[in-house]
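Peer 1: pasting the structure only:
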């Protein structure tokens, strides 16, 4: 039996199809664009073409635009779905999932796929994927290149807690002749410091630490988080689908029940 998970994030929409609650058999990522309903329809069309019909397989939606997926049988919060998806990818033992999303960053303590505690920064895009994207645009590079530039930089600190003011800081640094690598270092360091602060405020933080979200494939982000947390942070190329996988597992449970 196939079950479908649709994660409509603020930046990217993700799809996961799981067979018998055990095997990930299909996944897709695409830009959400300006209309989450449009992204949901595009995923529906893709599912139809791929032979995974939502009318025949249970579907659960999660993420920023989860209420705009009319073919989903249920909407489930991204906190719950990331916990389930993290357990699927990294094992059911205690862990801490760090999800750096487009508009918020979540730090979730999980045991056996169940949320034990969590903290979410959703008041400002500083420390999120959107923050990184804005700063990369200011430096005329893509986010991946910015992260790699940061590896060879040092000595710059971005102090502003607001994205708008932080962008002004970056523009001032450019005007002052700071090296692009050093500015990139300051941007990534700012993001990592905000995540570390959230992690330190979590009441329960046992087990391995796992990174999900769009930055999961950035080696430098993983290295920086590991160094500042004083413990290894692991990830997987499939970790950006953690929310969608968790939603698919929730859909499987609905059908099973």
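Peer 2: Yes, it's here. Being a predicted model, the structure only gives us computed values, none of them experimental. Residues are numbered from 1 along each chain as shown.
Peer 1: Only C-alpha atoms from now on, for both contacts and neighbour counts.
Peer 2: Noted.
Peer 1: just checking, what's the longest helix in this protein?
Peer 2: Secondary structure assigned by DSSP state H gives helix 180-201 as the longest helix of the chain.
Peer 1: Which residues does that one contact?
Peer 2: For helix 180-201, contacts defined as Cα atoms under 8 Å, 6 or more residues apart in numbering pick out 98, 105, 107, 119-121, 126-128, 132, 135, 139, 146-147, 149-159, 170, 173-174, 205, 221, 224-225, 228-229.
Peer 1: now that helix: mean pLDDT?
Peer 2: The pLDDT scores in helix 180-201 average 91.
Peer 1: Check stretch 231-251 too.
Peer 2: Mean predicted lDDT for stretch 231-251 stands at 95.
Peer 1: Return a PyMOL selection command for the buried portion of the contacts of helix 180-201.
Peer 2: With 16 or more other Cα atoms under 10 Å as the burial test, the buried ones among the contacts of helix 180-201 are selected in PyMOL as follows:
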select buried, resi 98+105+107+119+120+121+126+127+128+132+135+139+146+147+149+150+151+153+156+157+158+170+173+205+221+224+225+229
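Peer 1: Restricted to strands, list the contacts of helix 180-201.
Peer 2: 98, 105, 107, 119-121 (DSSP state E).
Peer 1: which one of the residues you listed is nearest residue 239?
Peer 2: Closest approach between these and residue 239, by Cα to Cα: residue 98, at 10.4 Å.
Peer 1: in the sheet, who's paired with the closest one?
Peer 2: residue 107, residue 211 (DSSP bridges).
Peer 1: Was I right to think it contacts residue 215?
Peer 2: No. Under the criterion of Cα atoms under 8 Å, residue 98 makes no contact with residue 215, lying 10.4 Å away.
Peer 1: picking up where we left off before, which one of the ones in strands among the contacts of helix 180-201 is nearest to residue 65?
Peer 2: Distances from residue 65 to the ones in strands among the contacts of helix 180-201, taken by Cα to Cα, are shortest for residue 105, at 16.4 Å.
Peer 1: now the closest one: how far from residue 154?
Peer 2: 24 Å (Cα to Cα, to the nearest Å).
Peer 1: what does residue 6 give?
Peer 2: Distance of residue 6 to residue 154, given as Cα to Cα: 39 Å.
Peer 1: which residues touch residue 253?
Peer 2: For residue 253, the contacting residues are residue 21, taking Cα under 8 Å, 6+ apart as the criterion.
Peer 1: Which of the helices or strands spans residue 93?
Peer 2: Residue 93 is part of no helix or strand, with elements assigned from DSSP states H and E.
Peer 1: Give me the neighbour count for it.
Peer 2: For residue 93, the count of nearby residues is 13 (other Cα atoms under 10 Å).
Peer 1: How confident was the prediction at it?
Peer 2: pLDDT at residue 93 comes out at 85.
Peer 1: Hmm, residue 84 and it touching each other?
Peer 2: No. Look at residue 93 against residue 84 with Cα under 8 Å: they stay out of range, at 11.6 Å.
Peer 1: Apart from its neighbours in sequence, what residue is nearest the most centrally placed residue in the chain?
Peer 2: When Cα atoms, centre = their mean is applied to the chain, the residue found nearest the centroid is residue 213 (2.1 Å). Sequence neighbours aside, residue 240 is the residue nearest to residue 213 in space, at 4.3 Å (criterion: Cα to Cα, 6 or more residues apart in numbering).
Peer 1: What about that neighbour, how many residues nearby?
Peer 2: Neighbours around residue 240, by other Cα under 10 Å: 25.
Peer 1: What residues does residue 151 make contact with?
Peer 2: If you count contacts by Cα under 8 Å, 6+ apart, then residue 151 has 181, 185, 220 around it.
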